[in-house]
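Engineer: take this sequence and fold it.
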Amino acid sequence: MLDREGWEGAKFVCSPPPRDLASQAACWEGIENGISDLFSSDHCPFRYDDPEGKLNAKGSTSFRWIPDGIPGDETRLPILFSQGVATGRISACRFVELTAINHARIYGLYPKKGTIAVESDADLSLWDPALKRTITNTDPNHRPDYAPYEGMEITGWRVKTLLRGTVVCDGGHRNEKPASRYLLRQRSPLCA
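Structural biologist: Presented below is the predicted three-dimensional model:
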């Protein structure tokens, strides 16, 4: 991706960098075999056409001036679902562990977050495992001017999201901006 013609490769400057096929296979092995506990992103989007973004003047003089980061917050879970669950690499339960349960445990928010139980917040994402979509930059919740995975075919997509039991996103459209609430973090036994 970094070798794309012209300045297109700047869109993919991020840390860690895009991986070759052998490294991708090793990453999948860690996800499949339980070596990796979390699947996450540092979602650090920059506009491509912005004078302070990927096309800034200093970037053409030295690689170190290209802003480091790519958009990915909205597409990372659909990609994991499509490439993991839909292909049979991981189970739906492993998907939930990697994206919700383990995060809540490590950050000391479990069982308030990360589980479906009495006294827990009803934070849920409902998925249609057969829904096929193509990633485009025209997604209504996507603000950067490019999508690094544009054109990728996805199987399985989030269709509804609830925060504390309130539907906040339905069919890809936000219904309302929910009020935030501070949660006191408990010391995680995983970090003791």
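
Engineer: what residue of the chain is the furthest out?
Structural biologist: Here the chain reaches farthest from its C-alpha mean at T61, the gap being 31.1 Å by CA atoms, centre = their mean.

Engineer: ok, and the closest non-adjacent residue to the residue nearest the centre of the chain?
Structural biologist: With distances taken as CA atoms, centre = their mean, R76 lies nearest the centre of the chain, 3.0 Å away. Closest residue in space to R76, ignoring its immediate chain neighbours: S41 at 4.8 Å, by CB to CB, 6 or more residues apart in numbering. All C-beta spots, glycine's among them, are computed from the backbone N, C-alpha and C.

Engineer: where are the low-confidence patches of the protein?
Structural biologist: 140-142, 188-192 (pLDDT under 70).

Engineer: now do 80
Structural biologist: Across the chain, residues meeting the criterion (pLDDT under 80) sit at 1-3, 6, 17-18, 42-43, 60, 63, 139-143, 172-174, 176-180, 186-192.

Engineer: now do the helices in it.
Structural biologist: 21-33, 76-80, 92-96, 102-106 (DSSP state H).

Engineer: what's in contact with the second one?
Structural biologist: Applying CB atoms under 8 Å, 6 or more residues apart in numbering, the contact partners of helix 76-80 are 39-41, 43, 95, 98-99, 125, 133, 135, 149, 152, 154, 156-158.
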